[in-house]
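Engineer: return atomic coordinates for the entry below.
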Amino acid sequence: MKKTIVLLGVGSTYFTRGIVESLIVKGGEWDVRLVDIDPECLEIATLLSKRLVEAYDAPVTISGSLDRCEVLPGADVIVSTIGVGGRRAWEKDVLIFRQFDIYQGTGDTYGAGGVSRGLRMIPVLVEVARDIERLCPDAIFINFSNPMTVNCRAVAKTTSVNIGGLCYGVTAREHQLARLIGVPWKDVRCRAIGVNHFTWITDFQYDGKDAWPLVRERIAKEPDLPTVKNQPYTWELFRMFDAYPTVGDGHICEFIPGWQAEGAYYGKTFGVNAGHGSFEEYTARWDRIFDEMADQAYGRAPVEKTPLDAYGETLRDEDLFIDVLNASMGEDEIFRTVNLPNVGQASNLPAGAVLEATTFVSGAGFQPLCFGELPLGITAILQRIIGAQELTVEAALKADRKLAIQALVAGETVRTEAEAERMMDVILETHRDHLPQFFS
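Structural biologist: Below you'll find the predicted structure:
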């Protein structure tokens, strides 16, 4: 029986093609309904998706709409890749804070950029969730939109929608650790818990035994391995906390005060010559990809199939998505990290806080593992982060400037009232068109 999936925000250059192609290759029969508020983005995504269906001769139907409420009824799955304000707003979330000596590699999760983006994203995703609650209440809502944690928290806090957030980062790092000790990923077992973009692999086993000694032995023998040398702070935290933090210094350092200033990252600067390197060049890449999508959609360039990866080492969010989707539909049983409200995953973290944790996925849904009490050091870091994120959620839901300022201070993004007030002025004026609730 053909199932129905609604993809929201198909102007995404990061997700749309990959998700559609994964559905075509691994998903079986699907009615795929694409939604975007930008007519040009919607047309490009729809035409490109239809060309992919033709290339694979797949039992998949494609349609598009500017109004999600037209296509939500009857949906089995809804996927959000929405980015309010698009790539231009994302660029501003990084560039506007350099005047405060805050340099970010991505600026989409925590701190200055995370708060700015969260204030825009949360109200929209809550509106989407309320439409799902009304029009297809039994559907699974899969979120990819950042900031992942606060988006999922806001939806879970205000609606009854069955939401889970996905990010391939932890799985990618599990593969990296397996390669480090020279064994196949399928032969290792990992347990991880934290918040999205700062999740800790607490247990790493190979052949039924603790594999951390193998990791320590390898990095002691070869400290100049790129895996180690290119992520120095990750390995500092590993040594200090006896767990491996993911997903790389570029994200982790946004959660820890002191790394975002010019030259603060071992003499380098995020968004300039650290992380992805130049942020401006990094974002320009996505504009080029959009142009390539348009060329393929309108027939100016061929639509080429993505090569199959026999070794399973090509790690993409859309591959994680299709594996989780198929398992949730009862076609498999797997363990993956999923962002879900805390219902017992960590007994010493707040109930309801969204945690990214190893989860058993099957036809029965998402069943996160229970970790009991987390180690004191990891708990201390996560409690601070979760508190600041909760302030961001409440600020966005209530359009409360004072709570947003508190989120910036509690997250240790700024120190003084004057600096926090000025930063809020910059956020609100920059994104005025997307934050009307703060001006009413």
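
Engineer: the nearest residue to Arg300 once chain neighbours are set aside and Arg17: what is the separation?
Structural biologist: Ranked by C-beta to C-beta, 6 or more residues apart in numbering and with sequence neighbours excluded, the top spatial neighbour of Arg300 is Ala294, at 7.8 Å. C-betas here are computed from N, CA, C, even on glycine. Look at Ala294 and Arg17: by C-beta to C-beta, to the nearest Å, they are 12 Å apart.

Engineer: the more surrounded of the two?
Structural biologist: Higher neighbour count among Ala294 and Arg17: Arg17, with 23 against 18, using other C-beta atoms under 10 Å.

Engineer: surely the more buried one is in a strand?
Structural biologist: No. Counting by DSSP: H, G, I helix; E, B strand; the rest coil, one finds Arg17 to be helix, located in no strand.

Engineer: would you mind measuring from it to Thr46?
Structural biologist: 12 Å.

Engineer: what's the answer for Asp433, then?
Structural biologist: On the measure of C-beta to C-beta, Asp433 and Thr46 end up 26 Å apart.

Engineer: what about those two, which has more around it?
Structural biologist: The neighbour count for Asp433 versus Thr46, taken as other C-beta under 10 Å, is higher for Thr46 (20 against 9).

Engineer: quick one: residues contacting that one.
Structural biologist: Listed by C-beta atoms under 8 Å, 6 or more residues apart in numbering, the contact partners of Thr46 are 10, 34, 62-64, 297.

Engineer: isn't there a helix covering it?
Structural biologist: Yes. Per three-state DSSP, Thr46 lies within a helix segment.

Engineer: per-residue confidence at it?
Structural biologist: pLDDT for Thr46: 95.

Engineer: in this structure Ser116 contacts His431, no?
Structural biologist: Yes. Here Ser116 reaches His431: they are 6.7 Å apart, a contact under C-beta atoms under 8 Å.

Engineer: which one of the two is surrounded by more residues?
Structural biologist: Ser116 (33 against 20).

Engineer: in what element of secondary structure is that one found?
Structural biologist: For Ser116, the host element (DSSP states H and E) is helix 111-135.

Engineer: now do the buried residues in that helix.
Structural biologist: Using 16 or more other C-beta atoms under 10 Å as the test for burial, helix 111-135 gives 111-126, 128-129, 131-133, 135.

Engineer: where do the strands of the stretch 151-300 of the chain begin and end?
Structural biologist: Per DSSP state E, counting those that start in this stretch, the stretch 151-300 of the chain carries strands over the ranges 162-165, 188-195, 198-206, 209-210, 244-246.

Engineer: shared neighbours of Ser116 and His431, which are they?
Structural biologist: Shared contacts of Ser116 and His431, counting by C-beta under 8 Å, 6+ apart, come down to Lys92.

Engineer: low-confidence ranges in the chain?
Structural biologist: The model of the chain has pLDDT under 70 over residues 308-317.

Engineer: repeat that with 50
Structural biologist: The chain contains residues with pLDDT under 50 at 310-311.

Engineer: before we move on, the earlier item: hang on, the residue nearest to Arg300 packs against Cys41?
Structural biologist: No. Using C-beta under 8 Å as the test, Ala294 is too far from Cys41 to be in contact (9.6 Å).

Engineer: ok, Phe255 - contacts?
Structural biologist: Contacts of Phe255 (C-beta under 8 Å, 6+ apart): 109-111, 197-198, 381, 385.

Engineer: relative to Glu236, which of these is nearest.
Structural biologist: The closest of the contacts of Phe255 to Glu236 turns out to be Ile381 (C-beta to C-beta; 13.4 Å).

Engineer: element containing the closest one, please.
Structural biologist: Judged by DSSP H and E, Ile381 forms part of helix 376-398.

Engineer: how about that helix: buried residues?
Structural biologist: Those would be 378, 381-382, 384-397, for helix 376-398 by 16+ other C-beta under 10 Å.

Engineer: let me know the angle separating that helix from strand 198-206.
Structural biologist: Here helix 376-398 points in a direction 140 degrees away from that of strand 198-206 (axes from the mean of the first three to the mean of the last three C-alpha atoms, to 10 degrees).

Engineer: with just CA atoms, put helix 376-398 into CSV.
Structural biologist: Output in CSV follows, covering the C-alpha atoms of helix 376-398 (Å, rounded to 0.1, in the frame of the first residue of the first chain):
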residue,chain,number,x,y,z
LEU,A,376,28.5,14.3,37.3
GLY,A,377,30.7,16.3,34.9
ILE,A,378,28.6,15.6,31.8
THR,A,379,25.5,16.4,33.8
ALA,A,380,26.8,19.7,34.9
ILE,A,381,27.5,20.8,31.3
LEU,A,382,24.2,19.6,30.0
GLN,A,383,22.2,21.2,32.8
ARG,A,384,23.6,24.6,31.9
ILE,A,385,22.9,24.1,28.2
ILE,A,386,19.4,22.7,28.7
GLY,A,387,18.5,25.7,31.0
ALA,A,388,19.6,28.2,28.4
GLN,A,389,17.7,26.3,25.7
GLU,A,390,14.5,26.3,27.8
LEU,A,391,14.7,30.1,28.1
THR,A,392,15.0,30.3,24.3
VAL,A,393,11.9,28.2,23.9
GLU,A,394,9.9,30.3,26.3
ALA,A,395,11.2,33.5,24.8
ALA,A,396,10.1,32.4,21.4
LEU,A,397,6.7,31.1,22.5
LYS,A,398,5.8,34.2,24.5
